[in-house]
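[1] Fold the stuff below for me.
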Amino acid sequence: MKRKHFSVLLFFCFSAAVLTAQPVVKTADLFRRDDPNNRMGELVINQGAPLDTLISRHLLANKNLFKVNNHYGMEGFRIQIYASNNRNAREESNKTRAEFMSLFPDIVSYPLYAEPGYFKIRVGDFRTKTEAMKLFQMISKEFRDAYIVPDVINFPDLNTK
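    Alright, predicted model coming up:
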């Protein structure tokens, strides 16, 4: 009986060691410079290990977003104005996008392709659903099938006033 408990305990210890073997990035390493100058411009960060763990998790989540979406960005919302997988979906999506671009030239549109043969058109880059709702009311008058979807959006331009 003791041998069985010992083997179960050993299994859990081994699996815990394997699961926690993710690389931890220290904040000080993010700002490290390999400068031969003697300590010129050195940045010293004093913080606890839990904060380094949170930063590592944040960096890992952003790397995973890039793998899934093939571009860097942040979680937000877009308005989907077209989605279909019928025989003429590619042509219809191009027509819908052209019509949208003529009606709303200031709003960026994104053509998407998803397996198995879905063509989609999503528009805008909104950080919040409330921000998307303002434009959705205008767009839904022209495109009746439009709806708001969560998506990975491009980073907002912070230089605009």
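[2] the strands in this protein, which residues?
    74-84, 109-114, 118-126, 147-153 (DSSP state E).
[3] For residue 63, find the nearest of those.
    With C-beta to C-beta as the criterion, residue 63 lies closest to strand 147-153 of the strands of the chain, at 12.9 Å. No exception for glycine: its C-beta is placed from N, CA and C like everyone else's.
[4] before we move on, the earlier item: in JSON lines: the strands of the chain, plus mean pLDDT.
    As requested, those are exported to JSON lines (pLDDT from 0 to 100):
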{"stretch": "strand 74-84", "mean pLDDT": "90"}
{"stretch": "strand 109-114", "mean pLDDT": "88"}
{"stretch": "strand 118-126", "mean pLDDT": "92"}
{"stretch": "strand 147-153", "mean pLDDT": "90"}
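[5] closest one to residue 141 among the ones you listed?
    Residue 141 sits nearest to strand 74-84 of all the strands of the chain, at 11.8 Å, using C-beta to C-beta.
[6] so where's the protein uncertain?
    Within the chain, the segments meeting pLDDT under 70 span 1-43, 62, 64-72, 158-161.
[7] Can I get the strands of the chain in JSON lines including mean neighbour count and distance to residue 57?
    Below are those laid out as JSON lines (neighbours: other C-beta atoms under 10 Å; distance: least, C-beta to C-beta, whole Å):
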{"stretch": "strand 74-84", "mean neighbour count": "20", "distance to residue 57": "15"}
{"stretch": "strand 109-114", "mean neighbour count": "14", "distance to residue 57": "28"}
{"stretch": "strand 118-126", "mean neighbour count": "21", "distance to residue 57": "25"}
{"stretch": "strand 147-153", "mean neighbour count": "16", "distance to residue 57": "18"}
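[8] Rebuild those as TSV, extending it with distance to residue 48.
    Converted to TSV, the strands of the chain look like this (distance: least, C-beta to C-beta, whole Å):
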stretch	distance to residue 48
strand 74-84	26
strand 109-114	41
strand 118-126	35
strand 147-153	31
